[in-house]
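Student: I would like to see how this sequence folds:
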Amino acid sequence: MKIIGVDVGTSGLKISVYDTKVNILESDIENYTVQSPFPGIVELDPMITWRAFKRKLSHLLKSENVEDQEYIMSFSVLGDALIVADEKFYPILPSILSSDTRSTAYSKIIRKQLSGRKLYSTTGRFPHPMSILNRLLWLQDHNVVIFKEARWYLDYPSWILSKLGFTPLTDYSSASGTLYFDIYKKDYDKEILSWANIPREKLPSLISSGKYIGNLSEKVKQELGFSKKCNVSVVSGGMDQICNALGTGTVRPNQMVCSIGTVEATTTVLPDEINQEELFLKNYFCSVSAIPDQFVTFSFLWAGGGSLRWYKDNLSDLGNHVDSNHMAYDDIVGNEIKPNKEIFLPYLSGTGPPFWDSMARGAFLGLDLSSKKQNMVDSLLEGVCFDLRHNLEQLKKAGIEVKRISVVGGGSKSSKWLQIKSDIIKKPIYRLERQEGGSLGAALLAGYGVGLFKDLTEIAQKVNQVGQVFYPSDQFSKLYDQKYKIFTEAYSKLRNIHKKINSIYQFDV
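Tutor: Numbers count the residues shown, from 1 in each chain. As a prediction, the model looks like this:
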């Protein structure tokens, strides 16, 4: 038996094949690019992800050259995206991704007509353009024909399962991003659906993570490149950050995993006894985990690693470097840690919690004629870390003292960045030996779904070990503290200015 873990992300897809002891056998990645034709619009054609999945899976299966094999498969999938599809599950529109802000105005409408506090006590969330509810309200007003004639309002987990020949199913962790899912009853909220005029029959059915769904048909196996003799079981997966937490062993209360990718996203396991009111007041979600009866919260910096990519593509001499992933970034970042006066606000795509300010924008501060490119890069790295420090402080005020921070993702390959992060937040940073994250978490769910693993918490802690620990040093602590105070003050003072800048580019899609 072999396990296939598939990680469908915002900017790429990764497939990893494991044995039953969760040793990685093979892995392959394909990158793709989201589309942003106008400010605030962030889209992805779902068929791009499907074709990437088929290509990479077929390639891995050919390299195995096994005719008779037992496989189990599950998925880690990008969250909070809306796919509008016809009766044959073909996407009518590009999917609207989590960082898309076109539906910002509907947050005010939802908050006004549905009690924000009541919404939070039911869904664990508050009105925000990343919710699928916001987008469906936008669709009703801006494309009423498609809204009415569409057969399905899906997310990526349910859409992928439909492409595999199953009834559209979404897991609880993914459904948590809709703003109409009751995280305690594990069902859609009838009152919210009625208010929003959303027919339940157009939504995917619900299932917990790590549940056996069924076996692939002969037709689908052939399409994907499996041998006729192969048996392929499919198990329900989870939202990418939830799978990332599993794959990194972040399964105990007060543990955090920080994924440093295009988006820097953190997942923190909440204590068994949580003060929901404090979480609400601090603007943090309460979301369903893959582990039964466990809840997590998130932070998002939409342009975390994306800020560095933006710099590389637009301001660096290495924008067209032949290796767009590692070599170019290593050359840009360098190795020397030397804080300078420059400060960067990393809000090129708005902020996540606690501000949830979709109008926030990036800014370099403190530039003068002596500023060098390396100063700007270093301030960019620091700015991403300052945002994490602010989130840690706010979580602590809400009663959540993060005790352990693990890191994965492309940005975690930079030892310099991790040392800066440790120095700024004044906590150890644990870089793990295995960097599969989401695909590994999906594999654990697959094994759990067929009874290969009996306890998710136990296996998640077992499979990933610490590779290197970065401890905070006192060398630059006072300087970072001073810069952090200016950083937080700068955001506050520039907030209204950024709103005015955005008003220049108002548009109606």
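Student: for this protein, what are the low-confidence residue spans?
Tutor: The chain contains residues with pLDDT under 70 at 65-67, 318-328, 505-509.
Student: could you redo the last one with a cut-off of 80?
Tutor: 39, 63-68, 317-331, 505-509 (pLDDT under 80).
Student: Walk me through the domains of it.
Tutor: Following automatic domain parsing, one gets these domains for the chain: 2-241, 298-399+474-509.
Student: from those, which stretch is densest packed?
Tutor: Sort the domains of the chain by mean neighbour count, taking mean count of other C-beta atoms under 10 Å, and domain 2-241 sits at the top with a mean of 19. Any C-beta I mention is one placed from the backbone N, CA and C, and that applies to glycine too.
Student: before we move on, back to that, now render the domains of the chain as CSV, adding distance to residue 271.
Tutor: What follows is the domains of the chain, written out as CSV (distance: least, C-beta to C-beta, whole Å):
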stretch, distance to residue 271
domain 2-241, 15
domain 298-399+474-509, 8
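Student: Between these, which one is closest to residue 444.
Tutor: domain 2-241 (7.2 Å; C-beta to C-beta).
Student: okay, how far is it across that closest one, tip to tip?
Tutor: End-to-end distance for domain 2-241: 24 Å, by C-alpha to C-alpha, to the nearest Å.
Student: List the contacts of residue 269.
Tutor: When the contact criterion is C-beta atoms under 8 Å, 6 or more residues apart in numbering, the partners of residue 269 are 245, 250, 251, 252, 253, 254, 255, 256, 289, 294, 296.
Student: Buried by neighbour count, from those: which ones?
Tutor: Among the contacts of residue 269, the ones that count as buried by 16 or more other C-beta atoms under 10 Å are 245, 250, 251, 253, 255, 256, 289, 294, 296.
Student: between those residues, which is nearest residue 354?
Tutor: Nearest to residue 354 out of the buried ones among the contacts of residue 269 is residue 256 (C-beta to C-beta; 15.4 Å).
Student: element containing that closest one, please.
Tutor: In this assignment (DSSP states H and E), residue 256 forms part of strand 255-260.
Student: partners of whichever helix or strand comes after that strand, with directions?
Tutor: Next in sequence after strand 255-260, counting helices and strands by DSSP H and E, comes strand 264-269. Strands that pair with strand 264-269, judged by DSSP bridges, come out as strand 255-260 (antiparallel), strand 295-301 (antiparallel).
Student: Could you check how far the helix or strand following strand 264-269 is from the centre of its chain?
Tutor: Later in the chain than strand 264-269, the nearest helix or strand by DSSP H and E is helix 276-281. Here the centre of helix 276-281 is set off from its chain's centre by 22 Å, with C-alpha atoms, centre = their mean, to the nearest Å.
Student: residues of helix 276-281 that come out buried?
Tutor: So helix 276-281, judged by 16+ other C-beta under 10 Å, has buried residues 279, 280.
Student: What are the contacting residues of it?
Tutor: 117, 120, 121, 126, 270, 285, 286, 297, 397, 398, 399.
Student: try it again with 6 Å
Tutor: The list of residues contacting helix 276-281 from outside it, by C-beta atoms under 6 Å, 6 or more residues apart in numbering, reads 120, 286, 398, 399.
Student: Give me the contact list for the very next helix or strand once past it.
Tutor: Next helix or strand after helix 276-281 toward the C-terminus (DSSP H and E): strand 287-288. With C-beta under 6 Å, 6+ apart as the test, strand 287-288 has contacts from 124, 172, 173, 176, 183, 296.
Student: One more: stretch 396-416?
Tutor: By C-beta under 6 Å, 6+ apart, stretch 396-416 touches 248, 254-261, 275, 278-279, 282, 305, 333, 335, 337, 392, 417, 427, 429-432, 435, 437.
Student: tell me the strands in the stretch 101-250 of the chain, going along the chain?
Tutor: In the stretch 101-250 of the chain, strands defined by DSSP state E, counting those that start in this stretch lie at 152-154, 169-171, 181-182, 187-188, 205-207, 212-215, 231-235, 238-239, listed in chain order.
Student: and of those strands, who's closest to residue 490?
Tutor: Nearest of the strands of the stretch 101-250 of the chain (C-beta to C-beta): strand 238-239, 32.5 Å.
Student: So which elements touch that closest one?
Tutor: helix 172-175 (3 or more C-beta pairs under 6 Å, 6 or more residues apart in numbering; DSSP states H and E).
Student: what does the helix it packs on rub up against?
Tutor: Contacts of helix 172-175 (C-beta under 6 Å, 6+ apart): 79, 155, 157, 181, 186, 206, 208, 238, 239, 242, 288, 290.
Student: quick check, nearest of those residues to residue 227?
Tutor: Nearest member of the contacts of helix 172-175 to residue 227, counting by C-beta to C-beta, is residue 157, at 26.3 Å.
Student: For the contacts of helix 276-281, please prepare TSV with the additional fields distance to residue 405.
Tutor: Below are those laid out as TSV (distance: C-beta to C-beta, whole Å):
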residue	distance to residue 405
120	26
286	20
398	17
399	18
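Student: nearest to residue 28, of those?
Tutor: Ranked by distance to residue 28 (C-beta to C-beta), the contacts of helix 276-281 are led by residue 286 at 35.5 Å.
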